[in-house]
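J.: Any chance you could fold what I've pasted below:
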Amino acid sequence: MQVKPATVSLFDALLLLLLGGIAVFIGYRVAVQLNYQWNWGAIPQFLFRYDAQSGRWVTNYLTQGLLTTLRLSLWASILALFFGFAVALARISKSLYLRLLAGTYVELMRNLPPLVIIFLFYYFLADQLLPFTGSGRINAETHPLLAAVSALFFAPPAQLTPFLSALVTLAVFEAAYVAEIIRAGIESIHKGQWEACHALGLSRWQSLRHVIIPQAMRRVLPPLTGQLVSLIKDSSIVSVIAIQDLTYQGTQLMASTYLTFEVWLTVAALYLVLTFPCSYLVERLNRRVNRLV
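T.: Numbers count the residues shown, from 1 in each chain. The predicted structure is shown next:
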């Protein structure tokens, strides 16, 4: 099937002109009505700064927050996939106990405000469970290798315990949505596939592993990747528990420099740098899957 090249119509041009006019009007109102003094020249120093001691450019607040958001989103996505897959299998299990347990978890996560979940998990995990992992005892003096690994892949040792708490919280919250996507994909497979597996003498687990799940994953891959893109945006909520992600760093900079519009427009642009390529890949993946199906 040949795809027609995209063309810009008169309506598209008028719409772009209207949006441009609205942007100019808002900028004019901010500068004139609010008497706001724009200072975009101050923003680059918050991305990178020159370190005189090392003689090189190093990351500064906003870039450090961007890297923290990237690490948090990456590890939370991996945990959410594994945990969500396990919950989805429990949701379709023959065991009534597993189905009730998984269903209760999914309904709680989907019907409680994310902010409440963040606070509940943070104060419980940080105060009760995470100290037993020894994460708070890692430092550059006694464990230099672990401290270097922690700073590279997770967070600096001083921030590791809150980071792990936010990571688990975000993964547990997003896993409920991942589980429902996978469950819906598995249940969308025609029952004739199950009957054919039964006729071949395959067990339920063998049927799932070799026949049902491979077909279901093809169907759920686009919405699943879309949910993981949404996780990047949802990660901004961890700023309320002082995780130094991009949103938290933007809040601190805005409070100290009063560059309200410049800081938040830059933060929005950095989030767009993270999410737009992922959204583009999801769209391409969706088209490819539709062609295969």
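
J.: And for V30, the neighbour number?
T.: Applying other CB atoms under 10 Å, we find 14 residues neighbouring V30. (Each C-beta comes from the backbone N, C-alpha and C, glycine too.)

J.: got a list of what it touches?
T.: By CB atoms under 8 Å, 6 or more residues apart in numbering, V30 lies in contact with Y36, F261.

J.: mind redoing it with 6 Å?
T.: If you count contacts by CB atoms under 6 Å, 6 or more residues apart in numbering, V30 has them with Y36.

J.: For it, report the pLDDT, please.
T.: Here the pLDDT value assigned to V30 is 75.

J.: does it belong to a helix or a strand, and which?
T.: Following DSSP states H and E, the helix or strand that holds V30 is helix 10-32.

J.: So which bits of that helix are buried?
T.: By neighbour count with 16 or more other CB atoms under 10 Å, helix 10-32 contains no buried residues.

J.: Also stretch 83-90?
T.: For stretch 83-90, a neighbour-count test (16+ other CB under 10 Å) marks F83, G84, F85, V87, A88, L89, A90 as buried.

J.: ditto for stretch 35-42
T.: Neighbour counts over stretch 35-42 (16+ other CB under 10 Å) mark Y36 as buried.

J.: pLDDT averaged over it - what is it?
T.: Averaging pLDDT along stretch 35-42 yields 83.

J.: repeat for stretch 93-110
T.: The predicted model assigns stretch 93-110 a mean pLDDT of 91.

J.: Also stretch 63-78?
T.: Mean pLDDT, computed over stretch 63-78, is 91.

J.: that's a strand at Q244, yeah?
T.: No. Remark: Q244 does not belong to a strand; assigned using DSSP: H, G, I helix; E, B strand; the rest coil, it is coil.

J.: ok, V267 to P114 distance?
T.: Plainly put, V267 is 19 Å away from P114 if you go by CB to CB, to the nearest Å.

J.: the more surrounded of the two?
T.: Higher neighbour count among V267 and P114: V267, with 21 against 16, using other CB under 10 Å.

J.: so which helix or strand takes in the nearest residue to the more buried one once chain neighbours are set aside?
T.: Excluding the flanking residues, the one nearest V267 by CB to CB, 6 or more residues apart in numbering is G250, at 4.0 Å. For G250, the element it lies in under DSSP H and E is helix 246-257.

J.: Show me which residues of that helix are buried.
T.: Of the residues in helix 246-257, those with enough neighbours to count as buried (16+ other CB under 10 Å) are L246, T247, Y248, Q249, G250, T251, Q252, L253, M254.

J.: ok, and the closest non-adjacent residue to the first one?
T.: When you say that, I think you mean L246. Nearest-residue entry for L246: G65, 3.9 Å, with adjacent residues in sequence omitted and distances by CB to CB, 6+ apart.

J.: show me what contacts that neighbour?
T.: Remark: with contacts taken as CB under 6 Å, 6+ apart, G65 is in contact with D245, L246, Q249.

J.: Closest one of those to A13?
T.: L246 (34.3 Å; CB to CB).

J.: Quick one, grab the pLDDT at the closest one.
T.: Value listed for L246 in the pLDDT field: 90.

J.: Quick check: it touching L70?
T.: No. In terms of CB atoms under 6 Å, L246 does not count as a neighbour of L70; the distance is 9.0 Å.

J.: Now the helix or strand hosting L62: buried residues?
T.: Secondary-structure element containing L62, defined by DSSP H and E: helix 61-91. For helix 61-91, the buried set under the neighbour-count rule, 16+ other CB under 10 Å, comprises 61-66, 68-69, 71-73, 75-77, 79-81, 83-85, 87-91.

J.: Quick check: which ranges of the stretch 51-200 of the chain have low pLDDT?
T.: Counting by pLDDT under 70, the ranges of the stretch 51-200 of the chain that qualify are 125-127, 129-137, 139-143.
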